[in-house]
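Chemist: Provided below are the primary sequence and the corresponding predicted coordinates.
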Amino acid sequence: MRKAFDRQRRFDCQAVLEVQLNLNCRDEIVPILRALQHLYGQPKLRDNILGAVARDVNRTSSRKLGRKGMDDWQILVLAAVRLGCNLNYDKLQDLAEQHHALRHIMGVGEWSRNTHFDWRRIRDNISRVRPETIERINLLVVGEGHRLVPQAAETVRADSFVVETNIHYPTESSLIRDGLRKVLALGAALAERLGEAGWRQHRHLYKKARKLARQIERIAARKGADYHQRLKTPYRELLVLAATILDRAENLRQRLARRLAADVKLLGLDAELAAFLERALHVCQTARRRVLEGEKVPNQDKLFSIFETHTQLYKRGKTAQPVQFGRQVLVYEDAAGFVCHGYLLPRDSEDREVVIEQTRVAQCRLKGRIRCASFDRGFHSPENQRQLAEIIACPCLPMTGMQQARQQEQTATVQFRRARKRHAGIESAIGALQSGNGLARCRDRSERGFQRYVQLGILGRNLHVLGKVLIAREDAHSKAAESRRGKRAA
């Protein structure tokens, strides 16, 4: 049984709008809680947001049956605080059980000592909310921010950055080892449940694969003369061992195909085994092509993680991080600091391939109010220059090449020069998303979880900005309204 929020006033709990926040504290939770208070005080906006959350949480079940679950408002508050303050689930659990103001804003009173928020319970409830729903909530938050700061939507700046996936550094030997570990464990579990023989030595086989992978890693780390040739012998042994194990697992699946149909749990094990079989085989083929046959394998043919298969390799030419493994995210920031649009690029796409489409989407979502938008040289192409001029009145898209850039600079308008000078501030927004909102490295699993994680990070940033705007209006001299550098909110 669930409800949107508790409408019954309690003696041991302050009303959400009456909770007093410490405005002389610069911690990020203060503006986030102030923004949530503001959303709660707008009934139409609040009901719209909670209705979207409710549809996701109870997609296939009735809200009137079963045990009492977390309120939709509590799910929204915890989801906002999680990446708004860049917390893991353990720290979020401790705050939900100990933080006085946070508990009162969630509607949990002082007498409710038996109300616990186990981290698994929090994770399972937040994971029910779809990325599309969080994106819609972001638009509603940005819309409320633009109601308070109307001119902010007229100027935006856009750039992309890499959100890393939570994987180890990928090499073919380590990926083959990961794949064999999962195939052996799943094959042994499936065979044990159905009384099949032949998997008694699965631990020994994994140790053998791990020993060969370590031998490969040592040779690759020490290098030396003809180390490429010395790598071939252990790689060949590892691939032969992998082929034997993968063939045995595939034969097991074929033998047990008819017996699996009657058991849902066994069908789940079989489906998981089939997925890891396919991935391990893919990595073995890539290793054979690259190491044994000396072929240069393109990135689109590679698999960079057995578990996070959507991971891509990026070489962006940055000194600190020459190589990154993750996914590229394009963000549009307005003049007030709201991230008014965020987009996860497809695995093999580049900035210049998506900028026109996503600028149209951003312009549509802001109801045609964008007058000036700035980008960097990575988005440039002659066609993009022409199409951006049709979408936006004053586009700022620098050209590549010394001669073209000099000519563009000589004929540039005042608006172009202002936008170009202001564009570097987008790096500050990206830095805030990475360091303050957890978007340096995604801690959730699967591509769907990655999409949700990105949208939650953007939601946390937008609520933080909205809260600072509200606090600055109430008390311009409060510490909670300024940044670490002492700059006041818009």
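Modeler: Nice, thanks for sending it over. Computed from a prediction, not measured in an experiment: that's the story for all the values here. Residues are numbered from 1 along each chain as shown.

Chemist: residue contacts, the closest residue to Met106 other than its chain neighbours?
Modeler: Here the nearest residue to Met106 in space, its sequence neighbours aside, is Gln74; by C-beta to C-beta, 6 or more residues apart in numbering that works out to 4.7 Å. No exception for glycine: its C-beta is placed from N, CA and C like everyone else's. Shown in contact with Gln74 (C-beta atoms under 8 Å, 6 or more residues apart in numbering): Phe5, Met106, Gly107, Val108.

Chemist: just among those, which is most surrounded?
Modeler: Using other C-beta atoms under 10 Å as the neighbour criterion, Met106 leads those with 26 neighbours.

Chemist: so that one makes contact with Val77?
Modeler: Yes - the pair Met106 / Val77 is scored as a contact, 5.2 Å apart, by C-beta atoms under 8 Å.

Chemist: touching stretch 390-404 from outside, list them.
Modeler: 356, 359-360, 363, 370-377, 379-380, 384-385, 388-389, 405, 408, 413, 415-416, 419-420, 423.

Chemist: of those, just the buried ones, ChimeraX syntax please.
Modeler: Here is the ChimeraX command that selects only those of those that count as buried (16 or more other C-beta atoms under 10 Å):
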select :356,359,363,370,372,373,374,375,376,379,380,384,388,408,415,416,419,420,423
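
Chemist: from the contacts of stretch 390-404, which ones fall inside strands?
Modeler: Judged by DSSP state E, those include Cys372, Ala373, Ser374 as members of strands.

Chemist: beta-bridge partners for the second one, please?
Modeler: In this entry, Ala373 is beta-bridged to Val156, Pro395, by DSSP bridges.

Chemist: any idea how far the helix or strand of the chain with the lowest mean pLDDT is from the chain center?
Modeler: Least confident helix or strand of the chain, by mean pLDDT, DSSP states H and E, is helix 257-260 with a mean of 72. In terms of C-alpha atoms, centre = their mean, to the nearest Å, the centre of helix 257-260 is found 38 Å from the chain centre.

Chemist: give me the contacts around the following helix or strand past that helix.
Modeler: Per DSSP states H and E, the first helix or strand lying C-terminal to helix 257-260 is helix 264-287. Contact with helix 264-287 is made by 172-173, 175-176, 179-180, 182-183, 186-187, 189-190, 193-194, 235, 239, 242-243, 246, 249-250, 253, 256, 259-261, 297, 301-303, 306, 309, as judged by C-beta under 8 Å, 6+ apart.

Chemist: in helices, which of the contacts of Gln74 appear?
Modeler: Met106 (DSSP state H).

Chemist: which one of the contacts of Gln74 is nearest to Leu466?
Modeler: The closest of the contacts of Gln74 to Leu466 turns out to be Met106 (C-beta to C-beta; 18.6 Å).

Chemist: measure the closest one to Ala80 for me?
Modeler: Counting by C-beta to C-beta, to the nearest Å, the gap from Met106 to Ala80 is 11 Å.

Chemist: same question, Leu366
Modeler: Taking C-beta to C-beta, one finds Leu366 at 22 Å from Ala80.

Chemist: who's more crowded, the two?
Modeler: Remark: of Leu366 and Ala80, Ala80 carries more neighbours, 25 against 21, as counted by other C-beta under 10 Å.

Chemist: ok, the residue nearest to the more buried one when sequence neighbours are not counted - contacts?
Modeler: Computed as C-beta to C-beta, 6+ apart, the closest residue to Ala80 that is not its neighbour in sequence is Leu463, at 5.4 Å. By C-beta under 8 Å, 6+ apart, the residues touching Leu463 are Pro31, Ile32, Ala35, Leu36, Ala80, Gly84, Val141.

Chemist: name the SS class of the second one, please.
Modeler: To tie it back to what came earlier, the one meant is Ile32. What DSSP: H, G, I helix; E, B strand; the rest coil gives for Ile32 is helix.

Chemist: what pLDDT does it get?
Modeler: As summarised for this prediction, Ile32 has a pLDDT of 96.

Chemist: might one say that it is in contact with Arg461?
Modeler: No - using C-beta under 8 Å as the test, Ile32 is too far from Arg461 to be in contact (9.8 Å).

Chemist: between these two, what contacts are shared?
Modeler: Residues touching both Ile32 and Arg461 (C-beta under 8 Å, 6+ apart): Gly84.

Chemist: follow-up on the earlier one: drop anything exposed from the contacts of helix 264-287.
Modeler: The neighbour count (16+ other C-beta under 10 Å) marks 172-173, 175-176, 179-180, 182-183, 186-187, 189-190, 235, 239, 242, 246, 249-250, 256, 260, 302-303, 306, 309 as buried among the contacts of helix 264-287.

Chemist: and these, which of them are in helices?
Modeler: Taking DSSP H as the definition of helices, those contribute 172-173, 175-176, 179-180, 182-183, 186-187, 189-190, 235, 239, 242, 246, 249-250, 260.

Chemist: about what we covered before: among the contacts of stretch 390-404, which ones are in helices?
Modeler: Using DSSP H, these in helices are 356, 359-360, 363, 384-385, 388-389, 405, 408, 415-416, 419-420.

Chemist: which one of these is nearest to Tyr332?
Modeler: Among those, and counting by C-beta to C-beta, the member closest to Tyr332 is Thr359, at 8.0 Å.

Chemist: dump the residue contacts of that closest one.
Modeler: Listed by C-beta under 8 Å, 6+ apart, the contact set of Thr359 reads Ala158, Tyr332, Ala373, Leu388, Ile391, Ile392.

Chemist: switch to 6 Å and redo it
Modeler: By C-beta atoms under 6 Å, 6 or more residues apart in numbering, Thr359 lies in contact with Ile391.

Chemist: next, work out how far apart it and Leu388 are.
Modeler: Using C-beta to C-beta, Thr359 is found at 7 Å from Leu388.

Chemist: same check, this time on Ala280
Modeler: In terms of C-beta to C-beta, Ala280 sits 45 Å off from Leu388.
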